[in-house]
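> Got a predicted model here, sequence first, then my questions.
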Amino acid sequence: MGASALGPRKAQAPAGPAQAKKLVIKPLKSKPALPEDFEATTWAKLQDAVRAVHDKRPVSCSLEELYAAVQDMCLHKMADKLFTKLQEECDAHVARTVARLAAHTSLEPVAFLDRLDGAWRELCAGQMTIRQIFLYLDRSHVITATPLRSLFDLGLQLLRQHLAATPKVESHAVAGVLALVERERAGEPVDRPLLKSLCRMFSSLGTYEGVLQRPLLEASAAWYTAEGERLMASLSVPDYLAHCEARLGEEYERCAQYLDPVTRKPLVGVVEARLVAAHLPALLERGFAQLMDGQRVPDLGRLYSLAGRVGAHEALRTSWRDYIKATGLALVRDEEKDKELVELLLALKARLDEVLGGAFGRNDAFANALKEAFEGFINAAATPRRQGKPAELIAQFVDARLRAGNKGCSDEEVESQLDRALLLFRYISGKDVFEAHYKKHLAKRLLMNKSASVDTEKAMIARLKAECGAAFTSKLEGMFKDVELSTDVMAAFKAYQDARGAAALGAHSGLDVHVSVLTSGFWPTYPPIEAKLPQELESWQQVFLDFYTKKYGGRRLQWCHSLGTCVLRAHFPKGVKELSVSLFQAAVLCLFNDSATISYADIKAATGLGDKELKLTLQSLACGKVRVLTKEPKGRDVNDSDVFHFNESFTEKLYRIKINQIQMKETEEENKKTNDEVMQDRQYQIDAAIVRIMKTRKTLSHKLLVAEALQQLKFPLKAADLKKRIESLIDREYLARDGSDANIYNYLA
């Protein structure tokens, strides 16, 4: 070849469009074929790897090489054969493993568990490695062509089959697990990771519920049955309840730590049934009252929680109601505790409220049971004489708080105590009894200026009005209006006096007199007691009478001397004193202005008082703590033959002295009279209700009439009392029995 010189290339004219090149693929001259020994050689390689995994020795080939071998077999449609051979290899290995385990069943069950756990862990690890090697087979063939989800599930299936064929392995394993659970319940430390691994084994095999859970529940039932009977005989109720709560917590923890979650509900149910439900009646009978008396709020809360677990709130509520009623009845029926009954009931209510809120979570059903029980015992009476006694004592309690001289209590404390008393008032069905006694006490507070605060008095009436309506407090409000009107009347009377001048009263014009004019329908009924007043007071009385009749024509005044009070100035040899006394005491003391010694008969003739009132009056003056008179012979009782002397040796540090007004003290007779008035008023209400019902219905059976009357009347009433009033109305021709049926009544217009 000749050498060519390199030089600049000359520009050439562009050539025409280039033609596209074509790629031609020619078939092979001969079809590729697998080596004749491909399947055997490849499987031999894979089999050696599987056996190496099972024998825990190094694999001769790399994982990539083994994976490629599996892939090659699958791609050449040998997946089914490969799966069958692998299954046979794994089956043989599992069979050998189970056989070795069966040979160790002679070991103690707990010791056998370590062998079983070791074998299980080895099988799991080996099967996971095999799955990695045969991953292509696992993803391409096992999922689509077999009921298994993976090659790991193949190992589980084989193990389940061989264990089922060798039941002594499973039974020995279950016995070991139960033994460890019992040891843990007995307080011994156990290997929880081991138990967790074995429970997961049974769960993975799908035999947990049938093989392990059923005998576990049976063993637990026997354990807790025996424990419940043993501890009920040895532990106190609070300790037993705490033990039950602790056992439930332990079982919850046990399920969280190693047992399958599906076991929690039935296992906890076994504890609840054997430890709680089986012994709850005995616990309530033996310990509920003890817990209540001791105010064991945490223990009662524990009892409430446990009873709720076994659906026994109704039984607990019955015990709660019975305890309240029994405790309340014991207080209400104990006459010796009458003086402190209201305080005791308030203390009981406070204790019960604490239990209701702290232990029972203010459960509505328990709150209703508390209300029903309180209403039951506070309105129950052991004898007719005790009927309405709580209402009477609540009225006394309120009176003591509203009365002046209530030392040591701030206004806030008084308000709080009144609110607490109102809690008891709500439970009283016979509110008319409370009203009668409250009105009697209010009258004394208003007329004798004993009320601590008018605002507090009106606030209490406002409370009663909110509770019972305006009709209940109308008379009480009328009493306050009378007191206010009396102030206006006395202002007019003073102007009347000023217009007449002092000459109209003569020597007695220097007396300061206040008259309270009361509307008889608002105030309690006071029996008229005739008495001869001192001349000074009689003059004032006549002047006021003339004034009032002129100012208010058509009105009639009736003097109620038993409520009158006076302040006398007494000149004793050792000093001048002011005596705060009742009108009757003043009438007696004024007699000693003319004579230092007067007999009982002369005092009676001069005052015109009856023996009962006079003896009480003289007893307060001559036999009480403050003795401005002396009597002969000495003694605490006043007799018709006694003689009384002005006590010239009387001495007292105070200038103004209050002499106890014995006749104003509440007596059983006075209370009985008030209660009798209430009963009489109730008869009128019963009659009115029966007539009202019959006027509407015209004809009614005895049973329906009694039911409707009991529904309308707001105080406790027996059917026998209603029957008496029906008979009375028949006698007075308001009703008549039907001619064809004596149990049917007709209304007579």
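Cool, the structure landed. Because the structure is a prediction, the values reported are computed rather than measured.
> What's the first helix or strand after the helix or strand bottoming out on mean pLDDT in the chain?
Ranking every helix and strand in the chain by mean pLDDT, DSSP states H and E puts helix 668-697 at the bottom, with a mean of 75. Using DSSP states H and E, the next helix or strand after helix 668-697 towards the C-terminus is strand 699-701.
> in that following strand, what's buried?
Under the neighbour-count criterion of 16 or more other CB atoms under 10 Å, strand 699-701 has Leu700 buried. C-beta here means a position set from N, CA and C on the backbone, and glycine is covered the same way.
> Let me see the contact set for Asp419.
Counting by CB atoms under 8 Å, 6 or more residues apart in numbering, Asp419 makes contact with Arg463.
> Tell me if it really is in a strand.
No. Assigned with DSSP: H, G, I helix; E, B strand; the rest coil, Asp419 falls outside any strand and is helix.
> Next one: it relative to Thr456, how far apart?
According to CB to CB, to the nearest Å, Asp419 stands 12 Å off from Thr456.
> Check Arg302 too.
43 Å.
> quick one: which of those two has more around it?
The neighbour count for Arg302 versus Thr456, taken as other CB atoms under 10 Å, is higher for Arg302 (19 against 16).
> For the helix or strand hosting that one, enumerate the helices and strands it packs against.
Using DSSP H and E, Arg302 sits in helix 297-309. Secondary structure elements in contact with helix 297-309, counted by 3 or more CB pairs under 8 Å, 6 or more residues apart in numbering; DSSP states H and E, are helix 237-257, helix 280-293, helix 313-332, helix 341-358.
> average pLDDT for the first one?
Here helix 237-257 scores 95 as its mean pLDDT.
> Run through the neighbouring helices and strands of whichever helix or strand comes after that helix.
Sequence-wise, the next helix or strand downstream of helix 237-257 (DSSP H and E) is helix 264-271. Packed against helix 264-271, as judged by 3+ CB pairs under 8 Å, 6+ apart, are the following elements: helix 214-234, helix 237-257.
> what does helix 264-271 rub up against?
Residues outside helix 264-271 that contact it (CB under 8 Å, 6+ apart): 213, 216-217, 220-221, 224, 244, 247-248, 251-252, 254-255, 259.
> Just the buried positions in that helix, please.
Going by neighbour count (16+ other CB under 10 Å), the buried part of helix 264-271 is Leu267, Val268, Gly269, Val270, Val271.
> What of stretch 133-144?
Going by neighbour count (16+ other CB under 10 Å), the buried part of stretch 133-144 is Ile133, Phe134, Leu135, Tyr136, Leu137, Asp138, His141, Val142.
> With just CA atoms, put it into CSV.
The C-alpha coordinates for stretch 133-144 follow below in CSV (Å, rounded to 0.1, in the frame of the first residue of the first chain):
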residue,chain,number,x,y,z
ILE,A,133,-33.3,-20.8,50.2
PHE,A,134,-36.5,-21.8,48.6
LEU,A,135,-38.0,-18.3,48.4
TYR,A,136,-38.7,-18.5,44.7
LEU,A,137,-40.6,-21.7,45.2
ASP,A,138,-42.4,-20.2,48.2
ARG,A,139,-43.6,-17.1,46.2
SER,A,140,-44.3,-18.7,42.9
HIS,A,141,-45.7,-22.2,43.7
VAL,A,142,-46.6,-22.6,47.4
ILE,A,143,-49.0,-19.6,47.6
THR,A,144,-50.7,-20.5,44.3
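> now that stretch, how far from the centre of its chain.
Between the centre of stretch 133-144 and the centre of its chain there are 65 Å (CA atoms, centre = their mean, to the nearest Å).
> what about that stretch, average pLDDT?
Mean pLDDT, stretch 133-144: 89.
> What of stretch 742-749?
Computed over stretch 742-749, the mean pLDDT rounds to 82.
> Need the residues that contact that stretch.
691, 694-695, 697-703, 705, 726, 730, 733-738.
> Over to stretch 23-39?
Thr41, Asp72, Met73, His76, Met78, Lys81.
> Report the buried residues of that stretch.
Glu39.
> First-to-last residue distance for it?
With CA to CA, to the nearest Å as the measure, stretch 23-39 spans 37 Å from end to end.
> chain center to that stretch: distance?
Offset of stretch 23-39 from its chain centre (CA atoms, centre = their mean): 91 Å.
> Ok, which of the helices and strands packed on helix 297-309 comes nearest Gln683?
helix 313-332 (24.8 Å; CB to CB).
> host element of Glu578?
Assigned by DSSP H and E, Glu578 belongs to strand 575-582.
> elements contacting the helix or strand following that strand?
Sequence-wise, the next helix or strand downstream of strand 575-582 (DSSP H and E) is helix 583-590. Under the contact criterion of 3+ CB pairs under 8 Å, 6+ apart, helix 583-590 touches helix 535-551, strand 565-572, helix 600-607, helix 611-622.
> Other residues contacting helix 583-590?
For helix 583-590, the surrounding residues in contact (CB under 8 Å, 6+ apart) are 531-534, 536-537, 561-566, 568, 570, 579, 581, 603, 607, 609, 613-614, 617-618, 620-621, 628-629, 659, 661, 663.
> what angle do that helix and helix 611-622 make?
If you take axes from the mean of the first three to the mean of the last three CA atoms, to 10 degrees, helix 583-590 sits at 60 degrees to helix 611-622.
> Sort out which residues of helix 583-590 are buried, please.
Neighbour-count burial for helix 583-590, counted by 16+ other CB under 10 Å, picks out Leu583, Phe584, Gln585, Ala586, Ala587, Val588, Leu589, Cys590.
> next one: stretch 601-609
Residues of stretch 601-609 classed as buried by neighbour count (16+ other CB under 10 Å): Ile603, Lys604, Ala606, Thr607, Leu609.
> which residues touch the nearest residue to the last one once chain neighbours are set aside?
This points to Leu609. Beyond its immediate neighbours in the sequence, the residue positioned closest to Leu609 (CB to CB, 6 or more residues apart in numbering) is Ala531, lying 5.5 Å away. Residues in contact with Ala531 (CB under 8 Å, 6+ apart) are His561, Leu583, Phe584, Ala587, Thr607, Gly608, Leu609, Glu613.
> do Val276 as well
Neighbouring residues of Val276 by CB under 8 Å, 6+ apart: Cys244, Leu306, Ala307, Arg309, Val310.
> got it, and Gly361?
Counted by CB under 8 Å, 6+ apart, Gly361 has contacts Tyr304.
> Leu101 is in contact with Lys168, isn't it?
No. Assessed by CB atoms under 8 Å, Leu101 is found out of contact with Lys168, at 9.4 Å.
> Pick out whichever of those two has more residues nearby.
When Leu101 and Lys168 are compared for neighbours, Leu101 comes out ahead with 23 against 11, by other CB under 10 Å.
> Could you give me the buried positions within the helix or strand where the more buried one lies?
Counting by DSSP H and E, the element that carries Leu101 is helix 79-103. For helix 79-103, a neighbour-count test (16+ other CB under 10 Å) marks 79, 82-83, 85-87, 89-91, 93-95, 97-98, 101-102 as buried.
> got it, and stretch 156-166?
Under the neighbour-count criterion of 16+ other CB under 10 Å, stretch 156-166 has Leu156, Gln157, Leu158, Leu159, Arg160, His162, Leu163, Thr166 buried.
> picking up where we left off before, need the buried ones from the contacts of helix 583-590 selected in PyMOL.
To isolate the buried subset of those in PyMOL, counting by 16+ other CB under 10 Å, use the following:
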select buried, resi 531+533+534+536+537+561+562+563+564+565+566+568+570+579+581+603+607+609+613+614+617+618+620+621+628+629+659+661+663
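> quick one: which of the contacts of stretch 23-39 is most hemmed in?
That'd be Met73 among the contacts of stretch 23-39, by other CB under 10 Å, with 22 neighbours.
> Just to check, it is in contact with Lys85?
No. Using CB under 8 Å as the test, Met73 is too far from Lys85 to be in contact (10.0 Å).
> between the two, what contacts are shared?
Both Met73 and Lys85 are contacted by Trp43, under the criterion CB under 8 Å, 6+ apart.
> hang on, Leu248 packs against Glu272?
Yes. Counting by CB under 8 Å, Leu248 touches Glu272, with 7.4 Å between them.
> hey, what's in contact with both of these two?
Arg309.
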